[in-house]
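1. Task: produce atomic coordinates for the following.
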Amino acid sequence: MSQTNYTIFIEYAIKEKSWREFEALAPSIYDHIKHCGPILDHSVLISNDQPRLVLEIVKVADLPTVEHIRKRRKEPKMGMMGQLDTMIQGGLEGIRIWTFRPFR
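-> As a prediction, this is how the structure comes out:
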């Protein structure tokens, strides 16, 4: 029986005035995800079409890790997330998270 992997898309827009500060903080995004459980892959992408739109793509092997990532990304005052709260348009409420699994 094959194991189902999950792909999480985490999208948020950074305020124009906070972009440089976000660039300095960006390396900690990778560390933050590493502490959420067994991560298979993690990419941080910047939109070519929409200025300062960030998309993280995280691949994980199980639903508990998905739920842990969702919880940690929405928790203010959680280290890096407390800093990001002031940089993201709409604060942490402006983070959109979707989880997908293979069709078959």
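2. Every contact and neighbour count from this point should use C-alpha atoms.
-> OK.
3. can I get the CA coordinates of the helix or strand residue 82 falls within in PDB?
-> For residue 82, the host element (DSSP states H and E) is helix 80-87. Extracted as PDB, the C-alpha positions of helix 80-87 are listed here (Å, rounded to 0.1, in the frame of the first residue of the first chain):
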ATOM      1  CA  MET A  80       9.000  34.400  13.600                       C
ATOM      2  CA  MET A  81       5.200  34.500  13.100                       C
ATOM      3  CA  GLY A  82       4.900  37.400  15.600                       C
ATOM      4  CA  GLN A  83       7.300  39.300  13.300                       C
ATOM      5  CA  LEU A  84       5.500  38.300  10.100                       C
ATOM      6  CA  ASP A  85       2.200  39.400  11.600                       C
ATOM      7  CA  THR A  86       3.100  43.000  11.100                       C
ATOM      8  CA  MET A  87       4.500  42.500   7.600                       C
END
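4. Contacts for the helix or strand that comes right after that helix, please.
-> Downstream of helix 80-87, the next assigned helix or strand under DSSP H and E is strand 96-100. For strand 96-100, contacts defined as C-alpha atoms under 8 Å, 6 or more residues apart in numbering pick out 6-12, 66, 70.
5. does the nearest residue in space to residue 11 that is not next to it in sequence sit in a helix or strand, and which one?
-> Spatial nearest neighbour of residue 11, excluding adjacent residues (C-alpha to C-alpha, 6 or more residues apart in numbering): residue 55 at 4.5 Å. In the assignment (DSSP H and E), residue 55 maps to strand 53-60.
6. tell me how far that strand is from the chain's mean position?
-> Its chain's C-alpha centre lies 5 Å from the corresponding centre of strand 53-60 when counted by C-alpha atoms, centre = their mean, to the nearest Å.
7. Can I get whatever helix or strand comes next after it as CSV, trimmed to CA atoms?
-> Next along the chain after strand 53-60, taking DSSP H and E as the criterion, comes helix 63-74. Provided in CSV are the C-alpha atoms of helix 63-74 (Å, rounded to 0.1, in the frame of the first residue of the first chain):
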residue,chain,number,x,y,z
LEU,A,63,-2.1,14.8,8.2
PRO,A,64,-0.9,15.5,11.8
THR,A,65,2.0,17.4,10.2
VAL,A,66,-0.4,19.3,8.0
GLU,A,67,-2.5,20.3,11.1
HIS,A,68,0.7,21.3,13.0
ILE,A,69,1.8,23.6,10.2
ARG,A,70,-1.6,25.2,9.9
LYS,A,71,-1.7,25.8,13.7
ARG,A,72,1.9,27.2,13.8
ARG,A,73,1.3,29.5,10.8
LYS,A,74,-1.7,31.1,12.4
